[in-house]
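Novice: everything below, folded, please.
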Amino acid sequence: MPACSSPRTPRTPSGTPPPNRCACSSSACPPRCTSCTSRRSPRSGPPARGWTPTPSRRCAAATTSTRSPRFATSRPPPPPTGRRRRPEHKAAQMTTDRSSMDKIPLTHASLGERELAAVAEVFASGWPAGQGPSGKALEAGLKERYGAGGAVAVSNCGAALHLALLALGVKPGDEVIVADYTFPAPAHAVRYLDAVPVFADVRADTGTVDAQAVAALVTPRTVGIIAVDTVGIPADYTELQAIADRHQLFLIEDAACAVGATYQGRPAGALAEVACLSFHGRKGASSGEGGALIATDPDIAAAARRRASFGIGSIFDQGQVIGLPIPEFLEIGYNYKLSDIAAAIMQVQLERLEEFIAHRSAVAARYGELLADEELLTVPHVPADRTHAWQSYMVTLAKGVDRAAVATDLRAANIGSFHGTWASHVQPAFESKQVCPVSADLFQRNLGIPMHAELTMSQTERVAEVLRKAVRAHTTPRT
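Specialist: Numbers count the residues shown, from 1 in each chain. Here you go, the predicted structure:
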């Protein structure tokens, strides 16, 4: 039935329908008439007594008229002045659209048609949950990419860190040295096991953990080290591994931000016996949420996989299934599985990783060109023996620059920014009495500016221009 062209009949003293009653008067007309443009009262019952719709008000869908339903009624008369109406709603819409176009977000995931097609395949398979075909394919790809003994896809990097510490045998009261200047997921994971996070200060130039600070913190209760590839730049793994070997400690690489980076020619994620990755929306390659544990030892990967699925034993590794095998719950575990939907997205993202890293690196290089001579800030330093994944681009503001005011100016220009990352030891959750002066200083002076694979060079130049003006406008003169 074609759409009804008649408007709702206006209320008059007599001979009118009740308010909001459908003008088509069809007994089959639902509360929101599908064949009429008017809204019907949701109340049931016949029309008011004495009301009969006039022929001119009957639903066009109930007649044999060939008029276009949309234009069946006459247009409203023009304004009394005779002047054309201003398209105010259109102007407002154009302003909104232009404002949206001018916005430069801090981060932006690069997801497109290929990822949608991969998700469609998962839908068609009928298995969107975890540990399905896409999840297993992702794990196989990660194992090959990193030359590892095993890879386990999990719900996030925090879960991977937790599983890693469990597999490595961390017990309550054990001390684990963790990098201080980072999102504090490593310290959280240590506390999950009632162990003690010991915070190590960082290098002022890279923000990565200082190997000398780590060496000074080793005690008889120390069992391991968690290094962090800070916002995408790998830590000093040659020195850290030497410390771990000397004291018989484990070494975990938190490569959450560094997928695509390298250290001395080796990929981040393959720089320690266990590495933990993140596929969060801010990362260089993302499935929205997700992560993975990469291990050189297949037994560590197997233990992590079991605990990631409630500690249940597998029946799928048996060469032959006879009868009705029932898996057993071998230990207390967790629900840390990655969905096959996310796994399918991540497979495509890893195929596109070189493209993403190349674009981010070009943006970083342009920022460096535009900001290198600015005395009121310092651009990131990348040692010659490693490459940066550029999950974030952080500048260090000079002392005396009002960071909050700079961020306010950026926001006024529709440019995203953030404080950088955290000095973990000062967070109330950990109640630490340690002092990490370099980390604390970076926590106060670092500022993150837009970095993602969707940035254009003109946007990059605009960010740099606004940033330079802002730092100059909000600097307290040195006395």
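
Novice: what about the residue nearest to the spatial centre of the chain, distance to L138?
Specialist: By C-alpha atoms, centre = their mean, the chain has its centre lying nearest to G281, at 2.0 Å. According to C-beta to C-beta, to the nearest Å, G281 and L138 sit 17 Å apart. Quick note: C-beta positions are derived from backbone N, CA and C, even for glycine.

Novice: who touches the closest residue to the residue nearest to the centre of the chain other than its chain neighbours in this structure?
Specialist: Spatial nearest neighbour of G281, excluding adjacent residues (C-beta to C-beta, 6 or more residues apart in numbering): A109 at 5.1 Å. If you count contacts by C-beta atoms under 8 Å, 6 or more residues apart in numbering, A109 has them with 281, 286, 288, 452.

Novice: among these, which lie within helices?
Specialist: Among the contacts of A109, no member is found in helices (DSSP state H).

Novice: for the residue nearest to the centre of the chain, give me phi and psi.
Specialist: phi -60, psi -20 (degrees, to the nearest 10).

Novice: extract the C-alpha trace of stretch 204-219 and format it as PDB.
Specialist: Taking Å, rounded to 0.1, in the frame of the first residue of the first chain, the C-alpha atoms of stretch 204-219 are listed here in PDB:
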ATOM      1  CA  ALA A 204      64.500  11.100  30.700                       C
ATOM      2  CA  ASP A 205      65.000  11.000  26.900                       C
ATOM      3  CA  THR A 206      62.900   8.000  26.000                       C
ATOM      4  CA  GLY A 207      60.600   7.400  29.000                       C
ATOM      5  CA  THR A 208      61.600   3.700  29.000                       C
ATOM      6  CA  VAL A 209      62.700   2.000  32.100                       C
ATOM      7  CA  ASP A 210      66.300   2.800  33.300                       C
ATOM      8  CA  ALA A 211      68.300  -0.400  33.400                       C
ATOM      9  CA  GLN A 212      70.600   1.000  36.100                       C
ATOM     10  CA  ALA A 213      67.600   1.800  38.200                       C
ATOM     11  CA  VAL A 214      66.300  -1.800  37.800                       C
ATOM     12  CA  ALA A 215      69.700  -3.200  38.800                       C
ATOM     13  CA  ALA A 216      69.700  -1.100  42.000                       C
ATOM     14  CA  LEU A 217      66.200  -2.500  43.000                       C
ATOM     15  CA  VAL A 218      67.000  -6.200  42.900                       C
ATOM     16  CA  THR A 219      66.600  -7.900  46.300                       C
END
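
Novice: i'd like the first residue to be 56 from this point on
Specialist: Noted, 56 is the first residue going forward, which turns the last one into stretch 259-274.

Novice: quick revisit: of the contacts of A164, which is the nearest to T293?
Specialist: The closest of the contacts of A164 to T293 turns out to be S341 (C-beta to C-beta; 29.7 Å).

Novice: per-residue confidence at the closest one?
Specialist: For S341, the model assigns a pLDDT of 97.

Novice: tell me where the model's unsure across the stretch 306-455 of the chain.
Specialist: Where the stretch 306-455 of the chain drops to pLDDT under 70, the residues are 370-376.

Novice: which stretches of it form helices?
Specialist: Assigned helices in the stretch 306-455 of the chain, in chain order: 353-362, 395-406, 408-426 (criterion: DSSP state H, counting those that start in this stretch).

Novice: ok, which of these comes nearest D157?
Specialist: helix 408-426 (17.9 Å).

Novice: how far off centre is the closest one?
Specialist: 20 Å (C-alpha atoms, centre = their mean, to the nearest Å).
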